[in-house]
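Enquirer: quick one: sequence and predicted model below, then my questions.
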Amino acid sequence: MEIKENYNTTLETQRLILATWQPNFVPKMFSNWASDPLVTKYLFWDPHKNQEETRQIVLNWMSEANYNWCIIDKELNEPVGSINVVRRNDINFNCEVGYCLSRKVWNKGYMTEALNKVLEFLFSEGFYKIELKHAIENAASGRVMQKAGMTLQGVSPAGCYVRGKFYDCNVYYILNPNMKVNRG
């Protein structure tokens, strides 16, 4: 058993394209979410101060071998968020996914749509268990996980460290439906 590692795969849903990162995404990433303090409130990084900061992050993502997508709204024809594997354990075939989304497309079901597509893809790549976590105060993120069919595993006390503060986190998981677990 192994993980396939098709990093440069573009994914598509009814309303979204999940594309590999390109330098031309920088201006919209900066203006649509990376500089927004409400979007970044529960993320480990501060809002970006300028496009150069965003450009450096995008160039770094482009140079890494990792599952990392820019979420593009087909109707707007512009980047509106990101979703990626933030941690992985190849020995146990599991990973953790993180995401963020522009405020201008909140409450439209976009993140649930993107997450469902990424979960499907990661399962096809050979991952068995996928986890996500959110600061308990960020209930909207938890609703995305629930809508994607994930199960609440429990609370991780001080499980999220966000720019100098610890937050209790809810941890969600989903198992690959095509693999069986040995519980005997």
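Expert: Yep, it's here. Numbering: from 1, shown residues only.
Enquirer: extract the C-alpha trace of the helix ranked longest in the chain and format it as PDB.
Expert: For the chain, the longest helix by residue count, based on DSSP state H, is helix 110-125. Output of helix 110-125 as PDB, limited to C-alpha atoms (Å, rounded to 0.1, in the frame of the first residue of the first chain):
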ATOM      1  CA  TYR A 110     -18.200  26.600  -1.600                       C
ATOM      2  CA  MET A 111     -15.900  25.200   1.100                       C
ATOM      3  CA  THR A 112     -18.100  22.200   1.700                       C
ATOM      4  CA  GLU A 113     -18.000  21.600  -2.100                       C
ATOM      5  CA  ALA A 114     -14.200  22.000  -2.200                       C
ATOM      6  CA  LEU A 115     -13.700  19.800   0.800                       C
ATOM      7  CA  ASN A 116     -15.800  17.000  -0.500                       C
ATOM      8  CA  LYS A 117     -13.800  17.000  -3.800                       C
ATOM      9  CA  VAL A 118     -10.500  17.100  -1.900                       C
ATOM     10  CA  LEU A 119     -11.600  14.200   0.400                       C
ATOM     11  CA  GLU A 120     -12.600  12.100  -2.600                       C
ATOM     12  CA  PHE A 121      -9.300  12.800  -4.300                       C
ATOM     13  CA  LEU A 122      -7.100  12.100  -1.200                       C
ATOM     14  CA  PHE A 123      -8.900   8.800  -0.700                       C
ATOM     15  CA  SER A 124      -8.200   7.900  -4.300                       C
ATOM     16  CA  GLU A 125      -4.500   8.800  -3.600                       C
END
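Enquirer: helices and strands around that helix, which ones?
Expert: Applying 3 or more CB pairs under 8 Å, 6 or more residues apart in numbering; DSSP states H and E, we find helix 110-125 packed against strand 11-12, strand 16-19, strand 68-73, strand 78-89, strand 94-101, strand 129-135, helix 139-147. In this view, the C-beta of every residue, glycine as well, is placed from N, C-alpha and C.
Enquirer: Lys165: which of these is closest?
Expert: Nearest of those to Lys165, taken as CB to CB: strand 129-135 at 9.2 Å.
Enquirer: other residues contacting the closest one?
Expert: Under the criterion CB atoms under 8 Å, 6 or more residues apart in numbering, residues 42, 92-98, 115, 119, 122-123, 141-142, 145, 150, 153, 156, 159-160, 162, 167-176 lie in contact with strand 129-135.
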